[in-house]
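Enquirer: quick one, structure for this:
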Amino acid sequence: MARYTGPKTKIARKFHDPIYGADKSYERKPYAPGMHGQNRRRGKLSEYGVQLQEKQKAKYTYGILERQFRKLYAEASRRGGITGEVLLQLIEARLDNVVYRLGIAQSRAQARQLVSHRHITVNGEVVNVPSFLLKEGDVVAVRERSKSLEVIVNSVASHANRYSWLEWDNASMQGKFMNYPQRADIPENINEQLIVELYSK
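Expert: Numbering: from 1, shown residues only. As a prediction, the model looks like this:
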C-alpha cells in the first residue's frame, strides 16, 4: 500500500505543527515550505480549506490513507458517543499505533514495519496487519524470537512516556490495551470536530 515517504519536516511546516515529534529542522524554519514560505502573504483559508487541512494533518500524523480513514469515520458514526472522539479512539486502538505508544517502536512507520514483518503478537497469535483494531483487554507482545532485535531493544530502553490506557511489562516485553483513551489523554494536537464537519457535508 502507498505510504508517504518524503521529507517529514516539509509536512510539519505545512501544518505549522511538529506532527512527527521533536524536529530541529522545523524549529529553525517554523514557516510554510517553499522558496516564498516565509514572505508570501497567503490568503485566508475558506471554511472547507480549514476542515480539509485538519483531516490531512490527522492522516499524516497517524500514517493512514483516505480509504482507511473514511472507513474508520464510518465506524465511529455507527457507534454511540461523540463521533470525533470515537474516531480518535478507534485510530488509537490500531495495532501499529499501540505498538508505537507502548514504546516497542520509535515511530509509527517503524511500528507498521514491525507488525508487517511478523514481530508482534496479539493474545499470543502473530498479527501482521497494522490496521488491526484492538479490543479492551487485548495483550500486545513482541514475538519471542524477536525480543533480541536491536531496533526493539533500543526503542524499549529509550521510551519514557507511558499512557494511562496502556499497561507495559518490560521484563516480558508485552503490554495490555486496558481501555479506549479519553480525549483529554490523547496528546495529538488535532481538532476532530473539523473533521466531522468535513465528512458531514
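
Enquirer: can you list the domains in the chain?
Expert: Domain segmentation of the chain under automatic domain parsing yields 8-90+189-199, 94-179.

Enquirer: mind putting those domains in TSV, mean pLDDT included?
Expert: Shown next, in TSV, are the domains of the chain (pLDDT from 0 to 100):
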stretch	mean pLDDT
domain 8-90+189-199	82
domain 94-179	94
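
Enquirer: list the residues that contact the residue at minimal distance from the centre of the chain.
Expert: Nearest to the geometric centre of the chain sits residue 62, at 2.9 Å (C-alpha atoms, centre = their mean). Neighbour list for residue 62: 91, 94, 97, 108 [criterion: C-beta atoms under 8 Å, 6 or more residues apart in numbering]. Yep, even glycine has a C-beta here, placed from its N, CA and C like the rest.

Enquirer: gap between the two ends of stretch 73-92?
Expert: End-to-end distance of stretch 73-92 (C-alpha to C-alpha, to the nearest Å): 13 Å.

Enquirer: any idea how far residue 139 is from the residue nearest to residue 142 when sequence neighbours are not counted?
Expert: Of all residues not flanking residue 142 in the chain, residue 173 sits nearest, at 4.3 Å (C-beta to C-beta, 6 or more residues apart in numbering). Counting by C-beta to C-beta, to the nearest Å, the gap between residue 173 and residue 139 amounts to 11 Å.

Enquirer: ranges for the helices of this structure?
Expert: For the chain, applying DSSP state H gives helices covering 8-15, 24-28, 47-62, 66-78, 83-92, 95-102, 108-116, 150-158, 192-199.

Enquirer: return the distance of the longest one from the chain's centre.
Expert: Between the mean C-alpha location of helix 47-62 and the chain-wide mean there is a distance of 14 Å, by C-alpha atoms, centre = their mean, to the nearest Å.
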